[in-house]
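>>> Next comes the sequence, and after it the predicted model I'd like to discuss.
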Amino acid sequence: MEPMLWFGWFRADIIAEYAELFWRGLRMTIGVTLICIVQGSLLGLLVGMARLADARHAPAKHLCRLLLRWPATVYVSFFRGTPLFVQILLMHFAVLPLLINPVDGFLISGDAARDLKQDYGALVSGVLALTLNAGAYISEIFRAGIQSIDRGQVEAARSLGLSFPRTMYHVVLPQAFRRMLPPLGNNAIALLKDSSLISAIGLSELAYAARTVAGAYSRYWEPYLTISVIYWMLTLALAYLVSRLEVRYGRGDTR
Amino acid sequence: MGEAIRVNALTKRFGPLQVLRGIDCVIDDSEVVCVIGPSGSGKSTLLRCMNGLEEASSGQVRVHGVPVHDPATDLDALRTEIGMVFQRFNLFPHKTVLQNITLAPGKVRGLTAADARDRAEALLIKVGVLDKRDAYPNQLSGGQQQRVAIARALAMQPRVMLFDEPTSSLDPEMVGEVLAVMQTLADEGMTMVVVTHEMGFARRVADRVLFLDDGQLVEGGTPADVFERPVEARTQRFLSKVL
């Protein structure tokens, strides 16, 4: 391809030549981000509720603390207290070989394990690490959101005979959700950007595409500026989406 | 006349603070009982122990024979028989007036959407806020919110209604409309326990008045007895301040 110079210095032909790679990287980044947002939110909801678990009477009260609150607290503390980058490396090079291993994997072994690791190893460990990390942060958002709902709301619902799960589902969570939307949106944006760290273990997403191109041409402005603009567009789109949701679910909140 | 609520040697402590020091009383079916007393005397706590929102430290409350403070009791089922109205209304802000009222009858009693709506609208007519059925709580005045809250509790068709200072957070001009609804209920024979500072209402509507002070039931009797001829010095002191 003929060198194509923009503004006298930007080699647009490099980007055009690798457009396919960037496109695949973009799809991978979006896919990983969406999966991690969904899984992280579900995990965060469960862990957030576990951190609030309590019971009135003796045996259940201690079980709640021992089996739910403490493990949840340790989990959140670990994943918020260590670098995501280290978590990704730990997951990929230490935990995953333990679970999926041709010789003696805990979950999968044999040829299936070899193929899986070959083709999807980075994806699996990247998504796992990012999900666990996001779950820890999101659980704190859920916990704060649930705790911000006035006690009177729970009392009113319970006094009507609604069970605890129904009270959570119909009364507390819908109100908590609208207060959680802004921090959840911030979290989704952080997740999108953090997904670039998975390139370190060789997942071919956007940042990896840029690295490949940079390596091939020894040119750095073009690939990294390109993905910067793409990430920027994506985060702007996410922020817009969240603000639309806030408008839509903002009715009736007096505070 | 049957017995609606029986309170036996009920005590409640919050940490070092002893709020109820052994309460005994019986409330009959269709009786309207007003609980009065200085703030901090344990009135609200007593009421909240009657539907298990507050756990008793010792003693027992039976509602139609069912022990409230017994781990074996299905509290959710029991609470469907006990309506409660709160000082701060506690309507669900994310639901319309109609949705506030139909939620529990639909989910707990298993009413169809149409049946629940019919019942809710009948109750809204009764409390006089039918025109607000599609409004959200924050679009209503305090008096309207509290009347909706009463309708919400009534929609479960409870056998007993508990009122926890239902007019205390209302502007003065809205107190009357809420008390009028409560008076109607009393006239219809609803069993009611009302924690209140509205002495006029207690005198006019109550069958019996209980005076609570420092976690103890000091004196109880007809409004005429308690208001006109109080026996205990503490009751006399309290009444001289509020009347």
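Structure received.
>>> so where's the stretch 1-150 of chain A uncertain?
Across the stretch 1-150 of chain A, residues meeting the criterion (pLDDT under 70) sit at A:1.
>>> how about a cut-off of 90?
Within the stretch 1-150 of chain A, the set of residues satisfying pLDDT under 90 comprises A:1-17, A:52-67, A:97-121.
>>> all strands for chain A, in order.
Counting by DSSP state E, chain A has these strands, from start to end: A:5-6, A:10-11.
>>> residues from chain A in reach of chain B?
With CB under 8 Å from any CB of the partner chain as the criterion, chain A meets chain B at residues A:56-57, A:150, A:152-153, A:155-163, A:166, A:170-171, A:174-175, A:178, A:251-254. Heads up, the C-betas are built off the backbone N, CA and C, glycines and all.
>>> if we go to 10 Å?
By the criterion of CB under 10 Å from any CB of the partner chain, the positions of chain A lying close to chain B are A:56-58, A:60, A:149-164, A:166-167, A:169-172, A:174-175, A:177-178, A:249-255.
>>> Name all residues that make contact with B:R62.
Contact analysis of B:R62 by CB atoms under 10 Å, 6 or more residues apart in numbering or on different chains lists B:3-8, B:26, B:50, B:68-70, B:73.
>>> Of the strands of chain A, which stretch is the most buried?
The highest mean neighbour count among the strands of chain A belongs to strand A:10-11 (a mean of 16), with neighbours defined as mean count of other CB atoms under 10 Å in any protein chain shown.
>>> Which of the residues in the longest helix seen in chain A are classified as buried?
As assigned by DSSP state H, the longest helix anywhere in chain A is helix A:111-147. Under the neighbour-count criterion of 16 or more other CB atoms under 10 Å in any protein chain shown, helix A:111-147 has A:113-114, A:116-117, A:121-143, A:145-146 buried.
>>> Please apply the same query to stretch B:188-207.
Applying a neighbour-count criterion of 16+ other CB under 10 Å, one finds B:190-196, B:198-199, B:201-203, B:205-206 buried in stretch B:188-207.
>>> Give the rounded mean pLDDT of that stretch.
Across stretch B:188-207, pLDDT averages out at 96.
>>> does any bit of it sit next to chain A?
No. Shown here: stretch B:188-207 not in contact with chain A (CB under 10 Å from any CB), separated by at least 13.3 Å.
>>> first vs last residue of that stretch, how far apart are they?
End-to-end distance of stretch B:188-207 (CA to CA, to the nearest Å): 13 Å.
>>> Now do it: distance to the chain's middle.
From the chain centre to the centre of stretch B:188-207 is a distance of 10 Å (CA atoms, centre = their mean, to the nearest Å).
>>> Run through the helices of chain B in chain order.
Taking DSSP H as the criterion, chain B contains helices spanning B:43-50, B:75-79, B:97-107, B:113-127, B:142-154, B:172-187, B:199-205, B:223, B:233-242.
>>> do the same with the stretch 151-255 of chain A
Across the stretch 151-255 of chain A, reading from the start of the chain, the helices by DSSP state H, counting those that start in this stretch fall at A:151-159, A:164-167, A:173-194, A:206-217, A:221-249.
>>> any chance of those helices in TSV, plus mean pLDDT?
Conversion of these to TSV gives the following (pLDDT from 0 to 100):
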stretch	mean pLDDT
helix A:151-159	97
helix A:164-167	94
helix A:173-194	93
helix A:206-217	93
helix A:221-249	93
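>>> now those helices in a markdown table, with mean neighbour count?
Written out in a markdown table, the entries for those read as follows (neighbours: other CB atoms under 10 Å in any protein chain shown):
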| stretch | mean neighbour count |
| --- | --- |
| helix A:151-159 | 20 |
| helix A:164-167 | 14 |
| helix A:173-194 | 19 |
| helix A:206-217 | 20 |
| helix A:221-249 | 15 |
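>>> if we compare those helices, which one ends up closest to A:G8?
Closest to A:G8 of the helices of the stretch 151-255 of chain A, according to CB to CB: helix A:221-249, at 12.3 Å.
>>> distance between the closest one and the chain's centre?
Mean-position distance between helix A:221-249 and its chain equals 16 Å (CA atoms, centre = their mean).
>>> now the angle between helix A:206-217 and it, please.
For helix A:221-249 against helix A:206-217, the angle by axes from the mean of the first three to the mean of the last three CA atoms, to 10 degrees is 170 degrees.
>>> Show me what the longest helix of chain A is packed against.
Contacts of helix A:111-147 with other secondary structure elements, assessed using 3 or more CB pairs under 10 Å, 6 or more residues apart in numbering or on different chains; DSSP states H and E, are made with helix A:19-52, helix A:70-81, helix A:84-90, helix A:96-99, helix A:173-194.
>>> count of residues packed around A:D104?
The local packing count at A:D104 equals 8, with neighbours defined by other CB atoms under 10 Å in any protein chain shown.
>>> Next, work out how far apart it and A:S125 are.
18 Å (CB to CB, to the nearest Å).
>>> ok, now A:L45?
Separation of A:L45 from A:S125 (CB to CB): 23 Å.
>>> ok so, going back, next, format the helices and strands packed on helix A:111-147 as TSV and append distance to B:G37.
What follows is these, written out as TSV (distance: least, CB to CB, whole Å):
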stretch	distance to B:G37
helix A:19-52	35
helix A:70-81	42
helix A:84-90	58
helix A:96-99	65
helix A:173-194	34
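>>> thinking again about what came up before, in a markdown table, list the helices of chain B along with distance to B:G15.
Rendered in a markdown table, the data for the helices of chain B read as follows (distance: least, CB to CB, whole Å):
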| stretch | distance to B:G15 |
| --- | --- |
| helix B:43-50 | 14 |
| helix B:75-79 | 23 |
| helix B:97-107 | 33 |
| helix B:113-127 | 39 |
| helix B:142-154 | 30 |
| helix B:172-187 | 34 |
| helix B:199-205 | 32 |
| helix B:223 | 36 |
| helix B:233-242 | 25 |
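>>> most packed of these?
Counting by mean count of other CB under 10 Å, helix B:142-154 has the highest mean neighbour count of those, with a mean of 25.
>>> any residue of that one up close to chain A?
Yes. Using CB under 10 Å from any CB, helix B:142-154 reaches chain A at B:149, B:152-153.
>>> and that helix, what does it pack onto?
Helices and strands touching helix B:142-154, by 3+ CB pairs under 10 Å, 6+ apart, are helix A:151-159, strand B:82-85, helix B:97-107, helix B:113-127, strand B:160-164, helix B:172-187.
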